[in-house]
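Chemist: Sequence and predicted model, in that order:
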Amino acid sequence: MSHKMDTNKLEKHYWIWPIAWYLFLGGLGGGILFAAGILDMVFHAGYILALGVLFAVACLGIGSMLLIFELGQPKVFLRVFLSATAIIKWGACLLILAMGFGFIYFLFWLPPEWNLFWYPWLWIRDLCAVLMALFGLCVVVYTGVLLSTMKAKPFWNTPVLPVLFTVSALSTATAALALLAGMWPSYEYILAMIGSDAMAQAMAGEVLHANKEVMMEILHIADKILVIAEIVVLLLYVLTTRASGNLTAKAVALEWISGKKALLFWVGMMLCGLTIPFLLYQLGGVGAEYVAPVLVLAAGLLLRFMIVYSDRRRSMPGEEQYYRRLPKGDERFLQGWKAPY
Amino acid sequence: MTRYAMVMDQRRCIGCQSCTVACRTWNELPMDIIYNPVVSEGVLGEFPEVHQTFTPLICMHCDNPPCTICCPCKASQQDEDGIVWVDETKCMGCKVCVNSCPYGARDVNHDEGFVRKCTFCKDRVREGEQPYCVATCHQKARIFGDLDDPESDVSKLVNRLVTERFFEELGTDPQVYYIPDLGGVK
Ligand code: SF4
Ligand code: SF4
């Protein structure tokens, strides 16, 4: 037998790292589509954020692939659209819609010299900006709702969780946008449209550069606010579960506050993932431009991992004792008893 | 109408695990999967009035099962008579249902990939036989029958004795009733 037998059903994690990545990438991709869509609508900043949109579509795609590969029987996957009630089905639909509209939107930012026939249909681009923002937000909320509706998992089953996931997704999205802003398509895109007048080009170049600075400023301020909000919601989440009447939820929250996950929580999440990025944003410079966004992204991933692995189920009376007594690490011995017929 | 249910008489259960073994044989379960463990608590009480409780577990075949509505593939389903089961060929193995069952009644074998759970031995039951664990229990601690039939053992027990169900506050309406080991007539 290739894989280790896990007989303790109470401690077994049925969802592992691919799901954590799926939730992270779903939130990140959805969040970017939402933020980029809104920023394009309000500031017409599409040319600064277009690469971010492509990145978001890739995130959603990779996230979905991870989910599919993690399935026990991936061949059956297409049945996913049969159910009307399942949250996973809604998630799959929302992911496809968000990816689709994001991709169509991006098609309008391909290099102008390619002269693709759809370039003049700007209303499609603007429509896609609205739709990708809408479905992006839905994907973000879905990643939280998927976990929070599970009554069997006391630590997940709280309405604070979708709020936390949403805030965290938006903060990672803003961070990613800040990292990618202005990298591509380069200003030539706009300059080519202006024509060959050198004077006009120089002036436009300056304006565009200034615009990028302003956009970065906006993104940094937004991320600062989101990071503060995330600290508040995260504390709220852990403290409300700590104070809840459910003993299992309480035990897991204690694990976060002072148990075996405390170091990850306080030092990893709270300090390195949220407080330090906030200070770096405040200080400006290289720290704000590169280090802070990377830390925020890492914190988002860490949060998904910590939550996915906090999946304790409430024990039935005596169940804990039972599973502790079952043999562990005896796979080969047990396998040896397999009847030859 | 038929509504299959089970009563566990904890006054009678001696924790011998015969039902667990029987189930594994009848359903040819993979090595790491158990449908119906018998767990124990104790020693409880104060000397000299001490006792130990044995709790035979199983899928509760809930009336409001969270494990079927969450299945995107319509593989996890409930029949008219209340039996909740998984169609192995339709299950993609996303494990949403495993995570949504508060009773830990579902499991996956890594090599098989689909979700397994107790089916109340529906193939036997629909032929008029008892589930294998019930047929095996020499203590008559597992009692199975149709709750909608007032003459059945299960309805008589549920109506006349004090019974308990696990995690009722979750609204799953579990259909396995426990007669506590110190319980008795209403
Ligand atoms: S006990 Fe679990 S698997 Fe069985 S019906 Fe209830 S929720 Fe579903
Ligand atoms: S693991 Fe299988 S039975 Fe369970 S929800 Fe997923 S597809 Fe349905």
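Modeler: Thanks, I have it. Ligands and ions are numbered 1, 2, ... in the order given.
Chemist: use CA for all of it now, contacts and neighbours both
Modeler: OK.
Chemist: So for chain B, the centremost residue is which one?
Modeler: Closest to where the C-alpha atoms of chain B average out (C-alpha atoms, centre = their mean) is residue B:58, at 2.8 Å.
Chemist: got the contact list for that residue?
Modeler: B:35, B:36, B:37, B:105, B:118 (C-alpha atoms under 8 Å, 6 or more residues apart in numbering or on different chains).
Chemist: farthest-separated two in the residues you listed?
Modeler: B:37 and B:118 (11.4 Å; C-alpha to C-alpha).
Chemist: Run through chain A and note the low-pLDDT ranges.
Modeler: Scanning chain A for pLDDT under 70 picks out A:1-5, A:184-196, A:330-341.
Chemist: at 50 instead, please
Modeler: Within chain A, the segments meeting pLDDT under 50 span A:1-2, A:341.
Chemist: Just after the helix ranked longest in it, pick out the following helix or strand.
Modeler: When chain A is scanned for its longest helix (criterion: DSSP state H), the result is helix A:198-243. Next helix or strand after helix A:198-243 toward the C-terminus (DSSP states H and E): helix A:247-257.
Chemist: What residues sit buried inside stretch A:167-184?
Modeler: A:167-182, A:184 (16 or more other C-alpha atoms under 10 Å in any protein chain shown).
Chemist: Mind exporting the C-alpha coordinates of it to PDB?
Modeler: C-alpha atoms of stretch A:167-184 as PDB (Å, rounded to 0.1, in the frame of the first residue of the first chain):
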ATOM      1  CA  VAL A 167     -11.300  40.700   3.900                       C
ATOM      2  CA  SER A 168      -8.300  38.500   3.600                       C
ATOM      3  CA  ALA A 169      -8.900  37.800  -0.100                       C
ATOM      4  CA  LEU A 170      -9.300  41.500  -0.800                       C
ATOM      5  CA  SER A 171      -6.100  42.300   1.000                       C
ATOM      6  CA  THR A 172      -4.100  39.700  -0.900                       C
ATOM      7  CA  ALA A 173      -5.700  40.900  -4.100                       C
ATOM      8  CA  THR A 174      -4.700  44.500  -3.500                       C
ATOM      9  CA  ALA A 175      -1.200  43.300  -2.600                       C
ATOM     10  CA  ALA A 176      -0.900  41.300  -5.800                       C
ATOM     11  CA  LEU A 177      -2.300  44.200  -7.900                       C
ATOM     12  CA  ALA A 178       0.300  46.600  -6.300                       C
ATOM     13  CA  LEU A 179       3.100  44.200  -7.200                       C
ATOM     14  CA  LEU A 180       1.900  43.800 -10.800                       C
ATOM     15  CA  ALA A 181       0.700  47.300 -11.500                       C
ATOM     16  CA  GLY A 182       2.100  48.900 -14.500                       C
ATOM     17  CA  MET A 183       4.400  46.000 -15.500                       C
ATOM     18  CA  TRP A 184       2.400  45.300 -18.600                       C
END
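Chemist: does residue A:61 sit in a helix or strand, and which one?
Modeler: Using DSSP H and E, the element containing residue A:61 is helix A:46-70.
Chemist: Other residues contacting that helix?
Modeler: Here helix A:46-70 makes contact (C-alpha under 8 Å, 6+ apart) with A:18-19, A:21-23, A:25-26, A:28-30, A:32-33, A:36, A:39-40, A:74, A:77, A:95, A:98-99, A:102-103, A:106, A:109, A:176-177, A:180-185, A:212, B:94.
Chemist: how about a cut-off of 6 Å?
Modeler: A:18, A:22, A:25-26, A:29, A:32, A:40, A:74, A:99, A:177, A:180-182, A:184 (C-alpha atoms under 6 Å, 6 or more residues apart in numbering or on different chains).
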